[in-house]
Structures are given as structure tokens and as C-alpha cells.
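Colleague: sequence unknown, structure follows:
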């Protein structure tokens, strides 16, 4: 019995919605998410000036600012923005693949987007990566529509005397270019890696669209995008210098490129014992799909430009980021390539849609599907050590802290989350050798103190100390040892990834 493709797409969307909404409120907000919520509380102009986030561009935080005002700041509410972006990205990716390679490829793309643990993981994080996926798919779709529209136009439309008359006569083409420019600018204001993706699009245009009429419009669009991004350019250059100069990203090896493809499907959700098989499956399927496509389009060269566009968008950002990371400070971070995931899944989907009868691609895809189910179950039901139980710690703190109690975070990794869950407690953070937040951002968000601050506290002070064990270094151990020796230990709380200890400074009579 043949299944109607419309109903199949509806079923895929419903499955995707369930996977993205289930579990959305289970995990506590960890550092990055709690920081995003805190940053989005700033006024819109401060966010646009780049004062909310010291590394990333402002568009996501501005969007979250509006979203929080319309909804609220609960875990589910702030993550729902990413879930919505992820669902819209699925629809855009379906349309992109269907426009390029037919409805069957579109359905394969939608199916892969629906069950990909990468897509589900970032659909449940209050971070900009789901928005990056949506915008990158939108940019590709808009550019594709422009290319297809230009190929159906038999002759170049001459410029008329006035701008208004030109727009009226070329309404459809102007709207397409405007959509491309707007999406490209929003992408650049969401993540700087969009510049690498746009470079991939231009590389493809240099090979397959050499007509001056097309490049004239492309350069005009580039000029408009540059003008719209110009107010943020100085900030972007400064932040790039900061990241390449003194940031925590490790320099990648050649194997990191292979691991990136696995990450773009699984996002590190795979149980440890399944990681080798998942890596083999993603790399094996990618290789087989590449071989099948090369063989298929050798016979039908009309589809070659579409495949080349997808490959250019995937390959150029990865290669450029890798090379730059070797010659300077590293910028190679797997999750920064989130904007490549629609193109990558489209590539896999096309290979599955046109596979020859004896190709092993379907078997490899089935294996990845099984691993994806296991990985999602692992994600839903197994605690993530990178996301401590801040909710439970915050509730305990709120119930047991007195009005004059003070909270000291031994690392900034606990600061924003505990402020989110226990905002009534006065909070400080100890200066660390390797903080997560850049030092220049701290004056806008909280108070940092040194070890001398603890000694200067008056007698009788009740001091809560927050510790994240996986980041417990020598400096923090020294502070804790001093408190345990000189102060009175009153209470403690422990949950996954987080510990709270209550000390009281002895009075003279004690």
C-alpha cells in the first residue's frame, strides 16, 4: 500500500515535535543556558550593542529577550524557543531537499532531521544552535530559489530609470534577493561561522554561475549585507581576536574532522560503549553516499550543481576553521558547525533517495537509526554529568538559607544557575585561573572576589559554598580546607554534579 507523502510528512513532524518536547524540563539549566537567560534580561539596546554576551553575536539573545517577555523564564519556556526553531528547520530542510532533488529526498531529509540526536539535543537547549540550523537552512533555500529563478529567465532584465520601476517589474526576483540578504545578515548576527558558510556559497557561484548578471546581483546583495552588519563589525573582530588569542578551545587534530561528522548527527549523546559503532556508521554512510552520488550523477549531470552546492557549504567552513586553528588560536568547536547540519543531512538523504539496488547505504542508515534510538533513550533517561542538578540545589538553598546568608561559588560554572534557582541569596564568585566567562564580562553580571574577601567577613557570617566536583582544582581545595579548619561546618547538600556546604565564622566567644 502506497503511503501518501503529505501524511508521511505530517507524521514525521509529529514525531519530531514529540521528541523535542519530551524531557524538555527534566534537566536543570546549566551554565550556558542560565547565562543566556540572564543575558536576555538586559534591555534590547544593551543586547544589540553586544553587552549581553562576550563571545557570540546578539541576535539569539535579542530573540530570547522578546520570547521571555512574551512567555516566561521557566526551563520549558526558554527551551521552547529552540524547539520551535528546530521544527521550523525541519520544514525548511524538507523544502530545500525537495526543491533540489525531489520529494523523496525531502522526506528522507525530514526523517533524518526528526530522529537525529543532534537536532533533538539542541532543540532542548536555551542556546543559539537550533536558531543557527534554521537560519542556515533558510539561507540555502533562499539562494537556491534565486539560482532556479535566474535559470528560468531567458534574458537579463535591464535596469530601468528609477529604482521603484525596477522593483515593480522584477518583484519576484527582488523579494528573493531581499530574503537571502536578510537571512544572511541574521545568520551573521547569530554566529560568526555564517561568514564561512556564505563563503562556501560564493565558491559554488564562482564555479557554476559565471554570468555577470548573476554576480552583479550577488555583489549588490553582499554590499547590502555588509552595510547591515557594519555596526557590529568592530565588535566581531574584537571577539575573534579574543577567542584566537586566549580561549579554552583545543587545537584540533585531523581526526577531529572525522569526529565532526559523527557530532553533527549524534551530538555526543551516544553511550560510551556505542561510540565506535556510531562513528563507523556516520563515516561509513557518508563515504557510501559520496560514492553512490558520484556514480549516479555521472549518468545524470543535470543534478551535479546541486550536489556541489551542498558539498561546498559543508566542506569549506570545516577546512577553513581547521587551517586557521593550526596557524593561530583554535576556533574549531564541533557545536559551532551546527549551521552545517541541514546541508549534511540533505547530502545523506539524497544519497539514500537515489541509492542503487545493491548499495549498503540503506543498511548503514538502519544501523544509525537504531543507534539514534539508543542515544535518545540515553539522553532522556541517563543523567548528563555536564548538567548538574542545579534545580535541587537551588531549592535546598532557598529553603535553608537565612536572609543574611551569603553564597560563594568556587567556580563561575555554578554562579548563573544558582542565581536562577535561588535569586534571593546574595551571590559572589571566586576569581579562578580558568573561568568559563571572560573576565571583561563579569562587571555586568556579578561580583568576583578573592580569597582575602573570605577572611574579611565579619564574625558570625553564615557562608554557603557551591562546588562543582568535576571542576574542583587546587585553588578551590585550598579554600575549602581553610574553611573546614577555621569555620564551623553547619550543613551540606549533594546532588549530581553539585555540592553545597554551609559554614559559619566563629565569634570570639566560640
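Modeller: Done, it's in. Note that the coordinates shown come from a computational prediction; the quantities given were computed from them, not determined experimentally. Residues are numbered from 1 along each chain as shown.
Colleague: can you tell me which residues contact the residue nearest the centre of the chain?
Modeller: By CA atoms, centre = their mean, the chain has its centre lying nearest to residue 129, at 2.1 Å. Residue 129 makes contact with 82, 122, 335, 338, according to CB atoms under 8 Å, 6 or more residues apart in numbering. To be clear about C-beta, it is placed using only N, CA and C from the backbone, and glycine gets the same treatment.
Colleague: Let me have those residues in CSV, extended by distance to residue 289, neighbour count and pLDDT.
Modeller: Shown next, in CSV, are those (distance: CB to CB, whole Å; neighbours: other CB atoms under 10 Å; pLDDT from 0 to 100):
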residue, distance to residue 289, neighbour count, pLDDT
82, 28, 28, 97
122, 23, 27, 97
335, 23, 19, 92
338, 21, 25, 96
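Colleague: of those residues, closest to residue 408?
Modeller: Of all the contacts of residue 129, the one with the least separation from residue 408 (CB to CB) is residue 335, at 30.4 Å.
Colleague: how about the strands in this structure?
Modeller: 406-409, 426-430, 448-449, 462-467, 488-495, 498-504 (DSSP state E).
Colleague: which residues touch residue 374?
Modeller: Going by CB under 8 Å, 6+ apart, residue 374 touches 270, 271, 274.
Colleague: Would you mind measuring from it to residue 383?
Modeller: 16 Å (CB to CB, to the nearest Å).
Colleague: same thing with residue 403?
Modeller: Using CB to CB, residue 403 is found at 33 Å from residue 383.
Colleague: More neighbours: the two, which one.
Modeller: residue 383 (13 against 7; other CB atoms under 10 Å).
Colleague: follow-up on the earlier one: just the closest of the contacts of residue 374 to residue 438, please.
Modeller: Using CB to CB, residue 270 comes nearest to residue 438 of the contacts of residue 374, at 31.3 Å.
Colleague: what sits against the closest one?
Modeller: Contacts of residue 270 (CB under 8 Å, 6+ apart): 117, 278, 371, 374, 375, 378.
Colleague: where does it fall, phi/psi-wise?
Modeller: phi -70, psi 140 (degrees, to the nearest 10).
Colleague: Was I right to think residue 428 contacts residue 451?
Modeller: No: the pair residue 428 / residue 451 is not scored as a contact, 11.9 Å apart, by CB atoms under 8 Å.
Colleague: Tell me the confidence at the nearest residue to residue 95 once chain neighbours are set aside?
Modeller: With sequence-adjacent residues excluded and distances taken as CB to CB, 6 or more residues apart in numbering, residue 95 is closest to residue 141, at 6.1 Å. Note for residue 141: predicted pLDDT of 94.
Colleague: ok so, going back, mean pLDDT for the strands of the chain: which is lowest?
Modeller: Among the strands of the chain, strand 448-449 scores lowest, at a mean of 88.
Colleague: residues near residue 484, how many?
Modeller: With other CB under 10 Å as criterion, residue 484 counts 12.
Colleague: tell me, how many neighbours does residue 45 end up with?
Modeller: Using other CB under 10 Å, the number of residues around residue 45 comes to 9.
Colleague: how close does it get to residue 114?
Modeller: From residue 45 to residue 114 the distance is 38 Å (CB to CB).
Colleague: can you check residue 228 too?
Modeller: 34 Å.
Colleague: now residue 72
Modeller: From residue 72 over to residue 114 the distance is 28 Å, taken as CB to CB.
Colleague: okay, and for the stretch 151-300 of the chain, where does confidence drop off?
Modeller: Along the stretch 151-300 of the chain, the parts satisfying pLDDT under 70 run over 151-171, 245-247, 300.
Colleague: hmm, try it at 50
Modeller: By pLDDT under 50, the low-scoring segments of the stretch 151-300 of the chain are 154-164, 166-168.
Colleague: need the helices for it, in chain order.
Modeller: Ranges of helices within the stretch 151-300 of the chain are 163-169, 171-188, 194-208, 212-246, 254-266, 275-299, based on DSSP state H, counting those that start in this stretch.
Colleague: okay if I get the ones you listed as JSON lines plus distance to residue 350?
Modeller: Output for the helices of the stretch 151-300 of the chain, formatted as JSON lines (distance: least, CB to CB, whole Å):
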{"stretch": "helix 163-169", "distance to residue 350": "35"}
{"stretch": "helix 171-188", "distance to residue 350": "22"}
{"stretch": "helix 194-208", "distance to residue 350": "16"}
{"stretch": "helix 212-246", "distance to residue 350": "24"}
{"stretch": "helix 254-266", "distance to residue 350": "16"}
{"stretch": "helix 275-299", "distance to residue 350": "7"}
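Colleague: so which of these comes closest to residue 95?
Modeller: Closest among the helices of the stretch 151-300 of the chain, once you apply CB to CB, is helix 171-188, at 13.2 Å.
Colleague: hmm, back to that, possible to save the helices of the stretch 151-300 of the chain as a markdown table with mean neighbour count and distance to residue 419?
Modeller: Listed next are the helices of the stretch 151-300 of the chain as a markdown table, based on neighbours: other CB atoms under 10 Å; distance: least, CB to CB, whole Å:
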| stretch | mean neighbour count | distance to residue 419 |
| --- | --- | --- |
| helix 163-169 | 12 | 50 |
| helix 171-188 | 19 | 30 |
| helix 194-208 | 19 | 31 |
| helix 212-246 | 14 | 24 |
| helix 254-266 | 19 | 30 |
| helix 275-299 | 17 | 35 |
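Colleague: what's the closest of those to residue 486?
Modeller: Among the helices of the stretch 151-300 of the chain, helix 212-246 comes nearest to residue 486, with 34.9 Å by CB to CB.
Colleague: The closest one to helix 194-208, inter-axis angle?
Modeller: 150 degrees (axes from the mean of the first three to the mean of the last three CA atoms, to 10 degrees).
Colleague: Can you spell out which helices and strands pack onto helix 212-246?
Modeller: Here helix 212-246 touches helix 129-152, helix 171-188, helix 194-208, going by 3 or more CB pairs under 8 Å, 6 or more residues apart in numbering; DSSP states H and E.
Colleague: do that again at 10 Å, thanks
Modeller: helix 129-152, helix 171-188, helix 194-208, helix 304-327 (3 or more CB pairs under 10 Å, 6 or more residues apart in numbering; DSSP states H and E).
Colleague: Using TSV, please lay out those helices together with distance to residue 437.
Modeller: Listed next are the helices and strands packed on helix 212-246 as TSV, based on distance: least, CB to CB, whole Å:
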stretch	distance to residue 437
helix 129-152	19
helix 171-188	23
helix 194-208	24
helix 304-327	22
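Colleague: Of the ones you listed, which is nearest residue 504?
Modeller: helix 129-152 (43.2 Å).
Colleague: tell me how far that closest one is from the chain's mean position?
Modeller: Mean C-alpha position of helix 129-152 versus that of the full chain (CA atoms, centre = their mean, to the nearest Å) differs by 19 Å.
Colleague: buried stuff in that helix?
Modeller: 129-147, 150 (16 or more other CB atoms under 10 Å).
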